[in-house]
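Chemist: Fold the stuff below for me.
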Amino acid sequence: MAGLQLEKLEKRFGSVDVIKGVDLEVKDGEFVVFVGPSGCGKSTLLRMIAGLEDITGGTLSIGGKRCNDMEPRERGIAMVFQSYALYPHLTVYQNMSFGLTLNKTPKTEIDARVREAARILKLEPLLARRPSQLSGGQRQRVAIGRAIVRQPSVFLFDEPLSNLDAALRMDMRMEIARLHKELGATMIYVTHDQVEAMTLADKIVVLEGGVVQQIGAPIELYKKPANKFVAGFIGSPRMNFLDVRVTGVARGSVTVESPSIAPVTIDARGFAAGDRALLGVRPQYLKREGLDGAAGAVRGSVSLVERLGAETVVSFETASSERALAAIPQDEVFEPGSPVEFRFDPGAAHLFAA
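Modeler: Below you'll find the model as predicted:
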């Protein structure tokens, strides 16, 4: 296995900068997930690592070797695509062994590698079938098996579960997590699904506009977002951002309020009295009860109630005509149009420049 080093990596298509100087270290055996909205550059960055896109600037190293000008087959990587990319006329065994056959690997070694990958992925009963005889989840496992038999230094996954339904995605997430643990492999995984990112990653890289917004462990990004973009992108339902006015500043803390938010003091720096700001509070941290008098409070009127079983999501409109969400674990009764007040722990809130 091997680690990766990206130094000031850049990619331009004509006059358009797509990747803008990315610095990243991926340690040997680490599971790193690239996340971000469509068009943020995450798949382009993965394809640059794979050698499927030229590097405009900067340096890419795999296992300590500079790889900018190496052919994909020379980099010691294997890539699993969103579309499976299986040969329809070949059996599962033949699909998994195809690359090894092209490389003139001895037949006994091919057989040993394919059968070991089939054992790991529970594909032994399916080796004689063709892709048309497989489910979506089985096809994806074959695509992963084809990567395993190559014994790469680095596995690359480009949104491999996006074509599967919700139940299959959950099953395949568990399979990929188990595979990472069993192989101890270095894996880089691209997804727009933050549930996949939060459950699979040792480290998450959040991208927007070709720029790294934050790198960190999943819980770090959730609890300590570096900026408003990360705060809004990580977490579901997304974080509430409410307009407030700074009314007081002390050492290391700021007091804010608005027509819908009672005065509350937040740990924050870099603000002055009179500044406009955005108060960020996750829907899960808005509660009806159980907080003491030091808690902040936000008032509004109920506009929609979604009962999802494990939680109830209340959409409400604040006195400042802002839409906000509260995720309540209990199945409480809320009447549309009725006034409501939610309380929150100031220590769980964030303050961003407006």
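Chemist: Any regions of the protein where pLDDT drops low?
Modeler: Counting by pLDDT under 70, the chain contains low-confidence ranges at 1, 290-294.
Chemist: all helices of it, in order?
Modeler: In the chain, the helices defined using DSSP state H lie at 42-50, 92-102, 107-120, 136-148, 166-183, 194-200, 218-223, 228-233.
Chemist: Quick one, which of the ones you listed gets closest to Leu60.
Modeler: Proximity to Leu60 (C-beta to C-beta) singles out helix 42-50 among these, at 6.4 Å. Bear in mind the C-beta positions are built from the backbone N, C-alpha and C, glycine included.
Chemist: I would like the C-alpha coordinates for the closest one, written out in PDB, please.
Modeler: Backbone C-alpha positions of helix 42-50 (Å, rounded to 0.1, in the frame of the first residue of the first chain) are rendered in PDB as follows:
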ATOM      1  CA  LYS A  42     -14.100  16.400  -6.500                       C
ATOM      2  CA  SER A  43     -14.300  14.000  -9.500                       C
ATOM      3  CA  THR A  44     -11.800  16.000 -11.500                       C
ATOM      4  CA  LEU A  45      -9.400  15.800  -8.600                       C
ATOM      5  CA  LEU A  46      -9.900  12.000  -8.400                       C
ATOM      6  CA  ARG A  47      -9.300  11.600 -12.100                       C
ATOM      7  CA  MET A  48      -6.100  13.600 -11.800                       C
ATOM      8  CA  ILE A  49      -4.900  11.200  -9.200                       C
ATOM      9  CA  ALA A  50      -5.800   8.300 -11.400                       C
END
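Chemist: Show me what it is in contact with.
Modeler: For helix 42-50, the surrounding residues in contact (C-beta atoms under 8 Å, 6 or more residues apart in numbering) are 4, 6, 9, 11, 18-19, 22, 34-36, 53-55, 60, 62, 72, 75, 77, 79, 154, 156, 158-159, 188, 190, 207.
Chemist: Buried ones only from these, please, as a ChimeraX command.
Modeler: Here is the ChimeraX command that selects the buried residues among the contacts of helix 42-50 (16 or more other C-beta atoms under 10 Å):
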select :4,6,9,11,18,19,22,34,35,36,53,55,60,62,75,77,79,154,156,158,159,188,190,207
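Chemist: how is the protein carved up into domains?
Modeler: Per automatic domain parsing, the structural domains of the chain span 4-233, 240-353.
Chemist: Which parts of the stretch 251-354 of the chain are strands?
Modeler: 253-258, 261-267, 276-281, 296-307, 312-318, 323-328, 339-344, 350-353 (DSSP state E, counting those that start in this stretch).
Chemist: In JSON lines: those strands, plus distance to Leu86.
Modeler: Below are the strands of the stretch 251-354 of the chain laid out as JSON lines (distance: least, C-beta to C-beta, whole Å):
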{"stretch": "strand 253-258", "distance to Leu86": "55"}
{"stretch": "strand 261-267", "distance to Leu86": "53"}
{"stretch": "strand 276-281", "distance to Leu86": "44"}
{"stretch": "strand 296-307", "distance to Leu86": "39"}
{"stretch": "strand 312-318", "distance to Leu86": "39"}
{"stretch": "strand 323-328", "distance to Leu86": "40"}
{"stretch": "strand 339-344", "distance to Leu86": "50"}
{"stretch": "strand 350-353", "distance to Leu86": "45"}
